[in-house]
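A.B. asks: structural data only, the sequence is not supplied:
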């Protein structure tokens, strides 16, 4: 005998599988990275003549002479999937939103693995604008250094929100 709980679980699992399949089949991730020399000070980091004021970023990169800066996106297709689902099925839209969040993390992890394999380096933990004391406005400097809009189509709003929404930028120290 099935209980309503097991029926609910089945429905949730079907929703999750549908959302994951939609994201897996419907997005086309793009990534871009560059490796820069960096100078770490107590209160920030200088990269290619650009200063990022953040004690936490400086702590994260302490001892590093080089840093990877990257951008990654699932593209506009993910936003379209979310918006399309939201018009008819809010639960599906939320599930696609969550599946997209998982997918962009997977893309970032795969990029890190590719950098490690290609350059034979050990990497530190990712650190993004908006973490701790690195103001979100630092996104503008990252966009300028990487030319993300031109190269992989990520844009930045006046409030430093990235579009497409399932996009990430980060610093990763090279040990």
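C.D. replies: Sure thing, it's come through. In this text the structure is predicted, and so the values were computed from the model without any measurement. Numbers count the residues shown, from 1 in each chain.
A.B. asks: ok, which stretches of this protein are helices?
C.D. replies: Along the chain, the stretches classed as helices by DSSP state H are 4-26, 55-61, 76-86, 90-119, 138-146, 148-152.
A.B. asks: export those helices to a markdown table and append columns for mean neighbour count.
C.D. replies: Any C-beta I mention is one placed from the backbone N, CA and C, and that applies to glycine too. Shown next, in a markdown table, are these (neighbours: other CB atoms under 10 Å):
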| stretch | mean neighbour count |
| --- | --- |
| helix 4-26 | 13 |
| helix 55-61 | 19 |
| helix 76-86 | 18 |
| helix 90-119 | 16 |
| helix 138-146 | 18 |
| helix 148-152 | 15 |
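A.B. asks: nearest to residue 169, of the ones you listed?
C.D. replies: Residue 169 lies closest, by CB to CB, to one member of the helices of the chain: helix 138-146, at 4.8 Å.
A.B. asks: give me the contacts around the strand ranked longest in the chain.
C.D. replies: In the chain, taking DSSP state E as the definition, the longest strand is strand 30-41. Applying CB atoms under 8 Å, 6 or more residues apart in numbering, the set of residues contacting strand 30-41 from outside is 45-48, 58, 61-73, 75, 107, 111, 115, 119, 145-146, 148, 151-153, 173-174.
A.B. asks: how about residue 135, phi and psi?
C.D. replies: Main-chain torsions, residue 135, degrees, to the nearest 10: phi -60, psi 150.
A.B. asks: so how far is residue 25 from residue 15?
C.D. replies: In this structure, residue 15 and residue 25 are 16 Å apart, going by CB to CB, to the nearest Å.
A.B. asks: which residues does the residue nearest to residue 86 when sequence neighbours are not counted contact?
C.D. replies: Spatially, and ignoring its direct neighbours in sequence, residue 86 is nearest to residue 93 (3.9 Å; CB to CB, 6 or more residues apart in numbering). Each residue near residue 93 by CB under 8 Å, 6+ apart is listed here: 82-83, 85-86.
A.B. asks: nice, that's everything, thank you.
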